[in-house]
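Q: Sequence below, structure please.
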Amino acid sequence: MKKILIILLSLLLLSSHSYAGKWHGKMKKQEKKDFANYVLRAQSKNKMVFPTRNVPNRPGLIKFFDKIEDHMGVAEKGIEFNLSYSDVGDKNDWSRWGRPGFAQRFQIMEPFKQTTKKGKTKWYRLGYFIPKNINTSKHNLSLFDFKMLYGKGEKAVGPSFNINNNSILWIFNGPNYKAAPNEAGEQYYFDGYTVHLDDRFSPLRGKWVNLLINAKWAKDGFLHLWIDGKLRSSYFGDILGGATSVRFKFGPYRNYMTDATDQGLEIKDAVIRYSNVGKADKCDDLWSGCDEIINQLTNNSQVHGAISVSMCIPSGDGDKPATCKNLGYPQNSRPF
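A: This is a model prediction of the structure:
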């Protein structure tokens with residue numbers, strides 16, 4: 001793994017914020033109807049809102065579609081996001097750490113009442129379509145993430161799925177963390193696992209890709225990820241870190257863009273499509289063929305179709321990189 005990738009992915013582990021004041025805005029009636037019809041499923045239907053940190057919803061930023069077919073003949077309906085570098089959102093994103101142009105987003109998230117409380121087990125599904133030539137050189141694009149809530153405040157990053165320096169990464173917390181101040185209050189910094197997924201195992205861009213996640217949000221928890229019906233990561237352990245509830249978000253979120261622009265790189269427009277996004281108590285409410293899915297699990301942690309697995313220990317300073325250690329996968333077939 002390239003050194004720059006280690007630096008960027010370790011920085012990514014540190015990007016969370018404690019919200020002060022109002023942190024979401026309701027959808028308009030037609031927006032809620034369109035999201036329910038085209039995108040959201042199961043318990044997420046009619047239950048999600050916009051974060052206040054989103055860039056302005058200008059004409060052309062989002063559009064719903066009835067059918068988009070990939071080169072393999074798979075067709076879905078859903079939503080398309082067209083995020084431009086010229087879209088400037090909340091100052092705590094755009095000018096974070098005093099670096100204008102640092103981050104931008106247009107996400108959809110659960111309001112507090114819809115977050116998943118500690119001890120609960122949930123299933124999540126998300127379909128995405130990103131261009132084969134998508135470029136995230138020296139910066140990061142998150143397709144979806146979870147945030148850890150302590151009371152009503154987001155104080156830690158949870159699992160996230162990212163295109164980081166043109167590599168696709170599945171990142172989730174280990175059991176150890178510490179508290180430190182950030183630009184919006186207090187934040188918890190977790191030691192985190194990074195699974196660098198291998199496009200050669202199954203294509204992850206240039207087509208519709210369907211993700212399925214099963215999580216028990218508890219100290220004796222688990223976190224399993226399937227991609228197109230194949231188990232790619234299965235972890236048993238504390239995935240809660242003392243949080244009281246967990247929030248699910250999706251939509252494009254770009255950060256560390258200044259690492260690219262400071263080196264003269266252009267941040268290209270990002271075109272991201274989503275379909276079939278939802279949360280449920282049962283796999284069958286989101287997926288067809290759940291017996292085949294569940295039969296891939298064992299009582300042990302697993303990784304499949306990855307280039308490497310790393311553990312990153314944060315510095316506790318959001319503007320400084322973490323220390324990362326390669327855990328020896330694939331020679332070490334059970335790196336966590």
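
Q: so where do the strands sit in the stretch 1-150 of the chain?
A: Counting by DSSP state E, counting those that start in this stretch, one finds strands in the stretch 1-150 of the chain at the ranges 24-25, 40-42, 50-51, 62-69, 75-83, 104-105, 108-109, 116-117, 121-129, 140-150.

Q: Can you tell me which helices and strands the fourth one packs against?
A: Same thing as strand 62-69. When contacts are defined as 3 or more Cβ pairs under 8 Å, 6 or more residues apart in numbering; DSSP states H and E, strand 62-69 packs onto helix 29-38, strand 75-83. All C-beta atoms are positioned from the backbone trio N, CA, C, and that covers glycine.

Q: Go again with 7 Å.
A: strand 75-83 (3 or more Cβ pairs under 7 Å, 6 or more residues apart in numbering; DSSP states H and E).

Q: as a whole number, average confidence for the strand it packs on?
A: Strand 75-83 shows a mean pLDDT of 97 in the predicted model.

Q: related to what we said a few turns ago, can I get the strands of the stretch 1-150 of the chain in a markdown table including mean neighbour count?
A: Formatted as a markdown table, the strands of the stretch 1-150 of the chain follow (neighbours: other Cβ atoms under 10 Å):
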| stretch | mean neighbour count |
| --- | --- |
| strand 24-25 | 15 |
| strand 40-42 | 20 |
| strand 50-51 | 20 |
| strand 62-69 | 13 |
| strand 75-83 | 18 |
| strand 104-105 | 24 |
| strand 108-109 | 24 |
| strand 116-117 | 16 |
| strand 121-129 | 21 |
| strand 140-150 | 24 |
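
Q: Same list (those) but as JSON lines, adding distance to Ile227.
A: As requested, these are exported to JSON lines (distance: least, Cβ to Cβ, whole Å):
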{"stretch": "strand 24-25", "distance to Ile227": "29"}
{"stretch": "strand 40-42", "distance to Ile227": "18"}
{"stretch": "strand 50-51", "distance to Ile227": "26"}
{"stretch": "strand 62-69", "distance to Ile227": "19"}
{"stretch": "strand 75-83", "distance to Ile227": "16"}
{"stretch": "strand 104-105", "distance to Ile227": "23"}
{"stretch": "strand 108-109", "distance to Ile227": "21"}
{"stretch": "strand 116-117", "distance to Ile227": "22"}
{"stretch": "strand 121-129", "distance to Ile227": "10"}
{"stretch": "strand 140-150", "distance to Ile227": "12"}
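
Q: Now the weakest link among those strands, please, by mean pLDDT.
A: strand 24-25 - the lowest mean pLDDT of these, at a mean of 74.

Q: So what are the sheet partners of that one and their directions?
A: If you go by DSSP bridges, strand 24-25 pairs up with strand 50-51 (antiparallel).

Q: can you give me the helices in the protein?
A: Using DSSP state H, the helices of the chain run over 3-12, 29-38, 91-94, 257-261, 290-294.
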